[in-house]
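In: How does the following fold in three dimensions:
(chains A and B)
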Number of protein chains: 2
Amino acid sequence: MEPEIITSLQNPRVKQLVKLRDRRPRDQAQQFLVEGYRQIRRALDKGFAPVELYYCPEWYPGDQGNEAQLIAAAAAAGADIIELNKPAFAKVAYRERPDGLLAVLPQWRHALDDLKLSAKPFLLVVEAIEKPGNLGTILRSADAAGVDGLIVCDPVTDLFNPNVVRASTGVLFSVPVIIAESEAVRAWLRAQQIRSVATTPAAEGLHTEADLTGSLAIVMGSEQYGLSDAWLAEADETVRIPMAGQADSLNVAMATIITLFEAVRQRS
Amino acid sequence: MEPEIITSLQNPRVKQLVKLRDRRPRDQAQQFLVEGYRQIRRALDKGFAPVELYYCPEWYPGDQGNEAQLIAAAAAAGADIIELNKPAFAKVAYRERPDGLLAVLPQWRHALDDLKLSAKPFLLVVEAIEKPGNLGTILRSADAAGVDGLIVCDPVTDLFNPNVVRASTGVLFSVPVIIAESEAVRAWLRAQQIRSVATTPAAEGLHTEADLTGSLAIVMGSEQYGLSDAWLAEADETVRIPMAGQADSLNVAMATIITLFEAVRQRS
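Out: The predicted model follows:
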């Protein structure tokens, strides 16, 4: 059978790929975009099977030839393989410098009880993060710190936004991520007897003075508003990061890294 | 005297503002762009006087009226004040959502010996950083950690790139920054008897195991290549950050934050 080659910018598949950049069509389709060799490779390596893989040899960056092997792996995982010509791929590519590979993956939803907790649970909870770049960086930090999971409460930017996927550099496929409402998360943490330590500039104690060695959920608030009153009231402890310079020198992603790695230090 | 109002996109001032986005014209003019109320305010507050301030009331975001006061402060500091009409300001604005304020500032160059060192010096040294966003984030981290200065060796992206200025959120005006060649920096550190601790994934010891309490320069390498052999060979100690996840989960800006705040913890 001849493989399909799309050359028309009006092709329904091309139109749907462009639509998947926006949240509503993404949620309706329960799918999302993963662009570029490295990220698609990571998805496959972690057992995530694309529904569709689009490729365009005219956009390949060199002649390393890894693309054919990636396409074969995606096909083996059950993906439809579709070739685009150069203008069609230019239209569907999201990155500034496309490398001729774009996959569509199914979204997933895990529940809190799906989390595999270690003997001394170590979780990161973030509330209402607004900027995709920050959520991507937070995912990377969570991966590097080796948390059992990242719980994203009441997200403003959705996990499957192309900029989150890109900023996460494939970590989206390795860190267990749960999306949930804050109230349900607080109830679940209490039921699991996991101690919550919330970060806020208004706290008295420093993050380095808190005991972060036990069963732990570090809780971080949104860029603009910080943590909601309910989280601050119900957290077992609040801590702050010492700041020498301007009040806003640290953004939420930076504060998250600092707190996570203080926990890593104490727990090691 | 009537203030000047520019309406032509061909006006030489408009053309020069667009040119200042690029490094060569920026270096030739020894000037750079600072856009937006908040950043210009920070520059003025720290005693940096704009050469020129461009404004366009049609782009002001609201009716808070802080703009007039900022313009007056810039004028008092000696800046030429120039009004642009809406299309002219749209042409010179660099940000996605302009707020009608754009300043031109003189570049500066400090020498290593200009640095005011505290009793126990605490410095951050970065080598050949490539991405403006990373250099901006590193500036913010350096400010939050309260270093005596940031030494930028052999920069690939220049300090006065508009994206560095923006990503630094005004910290560029509060952290003392020196631009210098690596070899000169190593000689200077030795002469000052400042201990250098270099971060590299190849190190045996962890950053938390090193003694970061004394006279200290933390040294970080570039995104793509890490630290050069000369830095690795001549550093007093090399350390690594423990990584639970993917090899590349942490980028240089994230690794810098972690190391700086471990030093802050030990030194407090």
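In: Residue numbers of chain A in contact with chain B?
Out: Applying C-beta under 8 Å from any C-beta of the partner chain, we find that chain A lies next to chain B at A:42, A:137, A:140-141, A:143-146, A:169-171, A:174-175, A:206, A:208, A:241-246, A:248-251, A:254, A:257-258, A:261-262, A:264-265, A:268. For the C-beta atoms, the positions are set from N, CA and C on the backbone; glycine is no exception.
In: Please check the residues you listed and keep the buried ones.
Out: Buried members of the residues of chain A next to chain B, counted by 16 or more other C-beta atoms under 10 Å in any protein chain shown: A:42, A:137, A:140-141, A:143-146, A:169-171, A:174-175, A:208, A:241, A:243, A:245-246, A:248-251, A:254, A:257-258, A:261-262, A:264-265.
In: taking the residues of chain A next to chain B one by one, which sit in helices?
Out: A:42, A:137, A:140-141, A:143-145, A:254, A:257-258, A:261-262, A:264-265 (DSSP state H).
In: Export these as TSV, with columns for pLDDT.
Out: Below are those laid out as TSV (pLDDT from 0 to 100):
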residue	pLDDT
A:Arg42	94
A:Thr137	95
A:Arg140	96
A:Ser141	97
A:Asp143	96
A:Ala144	96
A:Ala145	97
A:Met254	96
A:Ile257	97
A:Ile258	98
A:Phe261	98
A:Glu262	98
A:Val264	98
A:Arg265	98
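In: With A:Glu52 as the reference, measure out to A:Ala90.
Out: 18 Å (C-beta to C-beta, to the nearest Å).
In: Those two: who's more crowded?
Out: Taking neighbours as other C-beta atoms under 10 Å in any protein chain shown, A:Ala90 and A:Glu52 compare with A:Glu52 leading, 17 against 14.
In: my read: the more buried one touches A:Gly78, true?
Out: No: look at A:Glu52 against A:Gly78 with C-beta atoms under 8 Å: they stay out of range, at 10.2 Å.
In: A:Leu150: what's it in contact with?
Out: A:Leu123, A:Leu124, A:Val125, A:Val126, A:Ile138, A:Leu139, A:Ala142, A:Val175, A:Pro176, A:Val177, A:Ile178 (C-beta atoms under 8 Å, 6 or more residues apart in numbering or on different chains).
In: does the fifth one really touch A:Thr259, like I thought?
Out: No: A:Ile138 lies out of contact with A:Thr259 (C-beta under 8 Å); the separation is 11.1 Å.
In: how many neighbours does A:Gln224 have?
Out: A:Gln224, neighbours per other C-beta under 10 Å, totals 10.
In: nope, A:Pro106 is what I was after
Out: Number of residues near A:Pro106 (other C-beta under 10 Å) recorded here: 12.
In: A:Thr157 too?
Out: Other residues close to A:Thr157 by other C-beta under 10 Å number 19.
In: The helix or strand of chain A with the lowest mean pLDDT pairs with which strands, and in what direction?
Out: None of the helices or strands of chain A scores lower by mean pLDDT, DSSP states H and E than strand A:5-6, at a mean of 92. Using DSSP bridges, strand A:5-6 pairs in its sheet with strand A:80-84 (parallel).
In: Just the buried residues of the partner strand, please?
Out: Neighbour-count burial for strand A:80-84 [16+ other C-beta under 10 Å]: A:Ile82, A:Glu83, A:Leu84.
In: For that strand, what is the distance to the chain centroid?
Out: 26 Å (C-alpha atoms, centre = their mean, to the nearest Å).
In: which other residues reach that strand?
Out: A:3-7, A:13-14, A:51-57, A:71, A:74-75, A:92.
In: again, but for stretch A:97-104
Out: A:17, A:20, A:31-37, A:40, A:43, A:50-61, A:67, A:70, A:74, A:79, A:89-90, A:92-94.
In: Just the closest residue of the stretch 51-200 of chain A to chain B, please.
Out: Distances between the stretch 51-200 of chain A and chain B by C-beta to the nearest C-beta are smallest at A:Gly146, namely 2.6 Å.
In: where does the stretch 1-150 of chain A dip in pLDDT?
Out: Where the stretch 1-150 of chain A drops to pLDDT under 70, the residues are A:1-3, A:63-64.
In: that older thread, in TSV, list the buried residues of strand A:80-84 along with distance to A:Asp236.
Out: TSV is the format used below for the buried residues of strand A:80-84 (distance: C-beta to C-beta, whole Å):
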residue	distance to A:Asp236
A:Ile82	51
A:Glu83	55
A:Leu84	53
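In: partners of A:Thr199 in the sheet?
Out: A:Val239.
In: hang on, it packs against A:Ala210?
Out: No: the pair A:Thr199 / A:Ala210 is not scored as a contact, 9.8 Å apart, by C-beta under 8 Å.
In: Kindly point out which residues are neighbours of both of those two.
Out: A:Val239.
In: which residues touch the residue in the stretch 151-268 of chain A positioned nearest to chain B?
Out: Proximity to chain B, evaluated over the stretch 151-268 of chain A using C-beta to the nearest C-beta, is greatest for A:Ala244 at 2.6 Å. The contact partners of A:Ala244, taken as C-beta under 8 Å, 6+ apart, are B:Asp143, B:Ala144, B:Ala145, B:Gly146, B:Val264.
In: right, and the third one touches B:Leu260 too?
Out: Yes: checked against C-beta under 8 Å, the pair B:Ala145 and B:Leu260 is within contact range at 4.0 Å.
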